[in-house]
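**Q** Pasting a predicted model and its sequence here:
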Amino acid sequence: MYQNLPAALVMLLTFATPAAAEMELSLYLGVQTVDGSSASGTLPDGTAFSRGIDWRAKPLDNPLYYGGRATWWTQKNWGFGVEGTHAKAIASRPDQNALGVNKLEFSDGHNIFTANVMKRFPDTFARTPKFTPYLGAGVGVAVPHVDIRVAGAASRTFGLEVTGPALRGIAGLKYDFNDRWALFGEYQITWSDNEVTIDPDIALPGQPAGELNTEILTHAVNIGVSYSF
């Protein structure tokens, strides 16, 4: 049901983006956390489950938490662009055991892609004009790398899936070194509603796929660099 969301996201960005006065490219690293959430669904063998999951983020483990965005700023200091974030969500070992799986994680990326609307506020600090606060929000899709191994199965679910809609919120402060380069710090929150497919066991031909449904809420403090042109 979510396969048409990426195309809709591109169309939204195309029609929402005005003539740009400035383009800004931003890259960042950070420290990310993820809230616990409830998960429900069925395993491929038909076993139903419903349980609260204690998710772990491990942002400093390889692969690191990171992100990047491109923003087209207008002369009225409104920005329109796209952003991608590589976060992680890993179920605790007790939760995995309770669900009947040996692995349940989005550790090669609980990837969030959004079309953003931004607003910056230059000259907010008269005595320190190089500092510029900004706010932003985005809507898009979650594309996690799903890694699930059902206990006793001969195969596992391992690959990217488009799992559902996602939202992003941003609040930050930028310091301009010059008219091209800037350093920024920000807080980000992302939410996604995920409908994950659990692949059937290849050793059992005809077994149906399973499903896991859960919401993922992440928080992050980012530090990054921007280049404008």
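**A** That came in fine, so what should we check first?
**Q** who are the neighbours in contact with the residue nearest to residue 138 when sequence neighbours are not counted?
**A** In space, and not counting its chain neighbours, residue 138 is closest to residue 114: 3.1 Å by C-beta to C-beta, 6 or more residues apart in numbering. (C-beta placed from N, C-alpha, C; glycine too.) By C-beta atoms under 8 Å, 6 or more residues apart in numbering, the residues touching residue 114 are 9, 82-83, 138-141, 166-168.
**Q** ok, now residue 159?
**A** Taking C-beta under 8 Å, 6+ apart, we find residue 159 in contact with 145-146.
**Q** swap in residue 59?
**A** Contacts for residue 59 were tallied using C-beta under 8 Å, 6+ apart; they are 30-33, 65, 87-88, 220.
**Q** Name the nearest residue to it, ignoring sequence neighbours.
**A** Nearest non-adjacent residue to residue 59, counting by C-beta to C-beta, 6+ apart: residue 65, 3.7 Å away.
**Q** Residue 175 too?
**A** Excluding its sequence neighbours, the residue lying closest to residue 175 (C-beta to C-beta, 6+ apart) is residue 183, at 4.9 Å.
**Q** May I ask you to confirm that that neighbour is in contact with residue 172?
**A** No - with contact defined as C-beta atoms under 8 Å, residue 183 does not reach residue 172; the gap is 10.8 Å.
**Q** So which helix or strand of the chain has the lowest pLDDT on average?
**A** Taking mean pLDDT, DSSP states H and E as the measure, the chain has helix 5-16 as its least confident helix or strand, at a mean of 51.
**Q** which element follows that helix toward the C-terminus?
**A** Downstream of helix 5-16, the first helix or strand assigned by DSSP states H and E is strand 22-34.
**Q** Against which helices or strands is that following strand packed?
**A** strand 66-73, strand 78-91, strand 181-198, strand 210-228 (3 or more C-beta pairs under 8 Å, 6 or more residues apart in numbering; DSSP states H and E).
**Q** Backbone dihedrals for the residue of the chain most remote from its centre, please?
**A** Largest separation from the mean C-alpha position in the chain: residue 127, at 36.0 Å (C-alpha atoms, centre = their mean). Main-chain torsions, residue 127, degrees, to the nearest 10: phi -80, psi -20.
**Q** And it, how close does it get to residue 112?
**A** Separation of residue 127 from residue 112 (C-beta to C-beta, to the nearest Å): 37 Å.
**Q** what does residue 36 give?
**A** From residue 36 to residue 112 the distance is 18 Å (C-beta to C-beta).
**Q** So for these two, which sits in the more crowded spot?
**A** Set side by side, residue 36 and residue 112 show more neighbours around residue 112, with 26 against 14, by other C-beta atoms under 10 Å.
**Q** and the residue nearest to residue 138, how far is that from residue 63?
**A** 20 Å.
**Q** Ok, residue 41 next?
**A** Using C-beta to C-beta, residue 41 is found at 26 Å from residue 63.
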